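> Quick one, what's the 3D model for this:
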Amino acid sequence: MWNQKSDKSGLQVKLGAAHQVKHATIIRKQVGISEQAIGNTTLTAWNLISEFKYNVMVSRSLEISPYFAGRYAEKIQDGYTEEDAQIPLTYNDIEDKSLSVVGGLKFKKDFSNKFNIFGSGGIEYDIYHDISNLNPTGISGITSVDLGKDFNRTRPVVSLGFNFNITNQKIIRLNAQYEELSYKGMSEKNIYLSYNIGF
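So this is what the prediction gives:
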C-alpha cells in the first residue's frame, strides 16, 4: 500500500493477491425417479487486485473516498464422481476466469478514537469472462449445460461495518457485505467478525 500523504489523505494505491482452497460436499437431491447422490470436490481460487482511492477529509471525523479497482480472478472446481448412488454421475473440471473493474464510493466516520463505522457502494463490471460448460456423464441422454448463459455482467456491491479499537494494535471488526453474483437471480450475503492484532 502506498499513500500520497502521511495522514493518509489524497491518493492511495493498494496491490494485493489472494489464494484460497476449499473442500466441498455437493448433494444431488432426489427428484422424480432420480436418486440422491453425494460428491466431493475441491474449489481453488486466485485473485489479483489493484485499487486506486482518493481520500478526502470532509471533517476531522469523516472521510469520503472515491475509488476504482481492477481484479483478475480464476476459479477451478475439480471434477468428481458421485458416491452412494447406483448410477453415479461424473462431472468435469469447471474453470471460471474473469477480468473486472469496480468503481464507487467509500466512507469512514469516527465517533471517537475507539469506535468508527465504514462502508462502500459501487458497481462491478466484467470486461472479460470465460467459463467451462458443465458436461456430466454416466447416464445416456444428459446434455451439457452452458454455465455462461445467464451471465450478469454488471453488478452492485455494498458493504457496511464497524471497528472497535481495544488498543491501537487490537481491533474488533464486524463487516457485512452484499453483492450480486455473476449469474442472474443469484446474490451473496456475508458477515465477517474478526479480531485483528497489529505488529
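
> how many neighbours does the closest residue to residue 131 other than its chain neighbours have?
Counting by C-beta to C-beta, 6 or more residues apart in numbering, residue 96 is the residue found nearest to residue 131 once chain neighbours are left out, at 4.5 Å. Using the backbone N, CA and C atoms, a C-beta is placed for each residue, glycine as well. Look at residue 96: counted by other C-beta atoms under 10 Å, it has 17 neighbours.

> so which strand or helix has residue 96?
When secondary structure is defined by DSSP states H and E, residue 96 falls within strand 94-110.

> Let me know the average pLDDT across the helix or strand that that strand is followed by.
Following the chain from strand 94-110 toward its C-terminal end, the next helix or strand by DSSP H and E is strand 115-131. For strand 115-131, mean pLDDT rounds to 95.

> Would you mind listing the buried residues in strand 115-131?
Neighbour-count burial for strand 115-131 flags 116, 118-120, 122, 124, 126, 129, 131 (criterion: 16 or more other C-beta atoms under 10 Å).

> what does that strand contact?
Identification of contacts with strand 115-131 by C-beta atoms under 8 Å, 6 or more residues apart in numbering yields 67, 94-111, 147-148, 151, 153-165, 179, 182.

> Provide a list of residues in contact with residue 173.
161-164, 192-196.

> Would you mind pulling up the elements that the lengthiest strand in the chain packs against?
When every strand of the chain is counted residue by residue (DSSP state E), the longest turns out to be strand 37-57. For strand 37-57, the contact count by 3 or more C-beta pairs under 8 Å, 6 or more residues apart in numbering; DSSP states H and E identifies strand 10-28, strand 62-77, strand 80-81 as packing neighbours.

> These: which one's closest to residue 143?
Using C-beta to C-beta as the criterion, the shortest distance between residue 143 and the helices and strands packed on strand 37-57 is 16.4 Å, found for strand 10-28.

> how far is the closest one from where the chain is centred?
Here the centre of mass of C-alpha atoms in strand 10-28, compared against the chain's by C-alpha atoms, centre = their mean, to the nearest Å, lies 7 Å away.
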